[in-house]
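>>> The sequence and its predicted three-dimensional model are supplied below.
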Amino acid sequence: MKRSRINEIIREGDAFIRSFGYVMPPFAYWSPEELKTRRPAGIVDSRLGWDITDYGQGKYDELGLFLFTVRNGRAEDLTRGTGMLYAEKIMISRKDQLSPMHRHIVKAEDIINRGGGKLVLELFMPAEDGGIDRHKEVEVPTDGVVRKLPAGGLLKLDPGESVTLLPGVWHAFWGEGGDVLIGEVSTVNDDLTDNIFADPIGRFSNIEEDEAPLRLLVSDYDRFIDGNA
Ligand SMILES: [Fe+2]
């Protein structure tokens, strides 16, 4: 995916988010140079910030997701059982843009339709070995009310509605009828280790540097800020 396209997606996504009255934190607008110079551990090491992914497949409009991690806790606090155990993201799923089937090992997440089109989630329960159970009925809490669906059933969330996905529950999602602003409230987030995909794909974009980055992506931090190739 070209850097120029990522820059364009950031500009469009920022305008879409603002159109709903959601305002991003100040560091969202820091230049790459400012982020590198100031290097707050609470941003860089917690991996807060922009995350535009095509899952390494180079077809963002069909397979991709716009994410911005607004806050993120500490894995060691999870082990201690107290402290900053939570995370928040704001995301955009475009109309018919798939976020592919995956599950999490540690993270429980509430996925919230914050506005726009319908958010459709395809859901499966985990089998004994963690794989997809293609027969078991799906049971998920939706705003405090348990909803039951057949395996692979489609849960459609209107603006304002949300679903709680406990670790292990398989999910894929996309926008229907329009682009969707999505909120995520979750347990501490680690995108380096806690995404298990049904298909062999990556979690981040492979970037072709055809212009300078407008903003650094979380997946750029290692190379651009800490100088690791
Ligand atoms: Fe997820």
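Yep, that arrived.
>>> ok, and the closest non-adjacent residue to the spatially most central residue of the chain?
In the chain, the centroid-proximal residue (Cα atoms, centre = their mean) is L67; its distance is 4.9 Å. Leaving aside its sequence neighbours, L67 sits nearest to D51 (Cβ to Cβ, 6 or more residues apart in numbering; 4.1 Å). C-beta coordinates here come from the backbone N, C-alpha and C atoms, glycine included.
>>> which phi and psi does the closest residue to Q57 other than its chain neighbours have?
Spatial nearest neighbour of Q57, excluding adjacent residues (Cβ to Cβ, 6+ apart): L63 at 5.3 Å. L63 has phi and psi values of phi -130, psi 100 when expressed as degrees, to the nearest 10.
>>> What residues are bridge-paired with L63?
Beta-bridge partners for L63, by DSSP bridges, are L98.
>>> Contact partners for the closest residue to S31 other than its chain neighbours?
Of all residues not flanking S31 in the chain, R215 sits nearest, at 7.7 Å (Cβ to Cβ, 6+ apart). By Cβ atoms under 8 Å, 6 or more residues apart in numbering, the contact list for R215 reads 7, 10, 28-32, 49-50.
>>> Can I have the buried ones of the residues you listed as a ChimeraX selection?
Buried residues within the contacts of R215, by 16 or more other Cβ atoms under 10 Å, are selected in ChimeraX with:
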select :7,10,28,30,32,49,50
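>>> quick one: the worst-scoring helix or strand of the chain on mean pLDDT to chain centroid distance?
Across the helices and strands of the chain, mean pLDDT, DSSP states H and E gives its lowest value to helix 75-80, namely a mean of 93. A distance of 21 Å separates the centroid of the chain from that of helix 75-80, by Cα atoms, centre = their mean, to the nearest Å.
>>> Pull out the buried residues from it.
L78.
>>> so what strands line up beside the helix or strand following that helix?
Later in the chain than helix 75-80, the nearest helix or strand by DSSP states H and E is strand 86-93. Sheet pairing for strand 86-93, assigned by DSSP bridges, gives strand 65-72 (antiparallel), strand 170-187 (antiparallel).
>>> got the buried residues for strand 86-93?
87-93.
>>> Ok, stretch 55-74 next?
55, 57, 60, 63-70, 72-73.
>>> Alpha carbons of that stretch, in CSV - could you do that?
C-alpha atoms of stretch 55-74 as CSV (Å, rounded to 0.1, in the frame of the first residue of the first chain):
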residue,chain,number,x,y,z
TYR,A,55,-3.8,-6.8,6.4
GLY,A,56,-0.9,-6.9,4.1
GLN,A,57,-3.1,-7.9,1.1
GLY,A,58,-3.0,-4.6,-0.9
LYS,A,59,-6.7,-4.2,-1.5
TYR,A,60,-7.7,-1.8,1.2
ASP,A,61,-11.2,-0.9,-0.2
GLU,A,62,-12.3,-4.6,0.0
LEU,A,63,-10.2,-5.8,2.9
GLY,A,64,-9.1,-3.2,5.4
LEU,A,65,-9.8,-1.2,8.5
PHE,A,66,-9.1,2.3,9.8
LEU,A,67,-8.2,2.4,13.5
PHE,A,68,-6.9,4.9,16.0
THR,A,69,-5.9,3.7,19.4
VAL,A,70,-6.9,6.4,21.8
ARG,A,71,-5.8,4.8,25.1
ASN,A,72,-4.2,1.5,26.1
GLY,A,73,-3.3,0.0,29.5
ARG,A,74,-0.4,-2.2,30.6
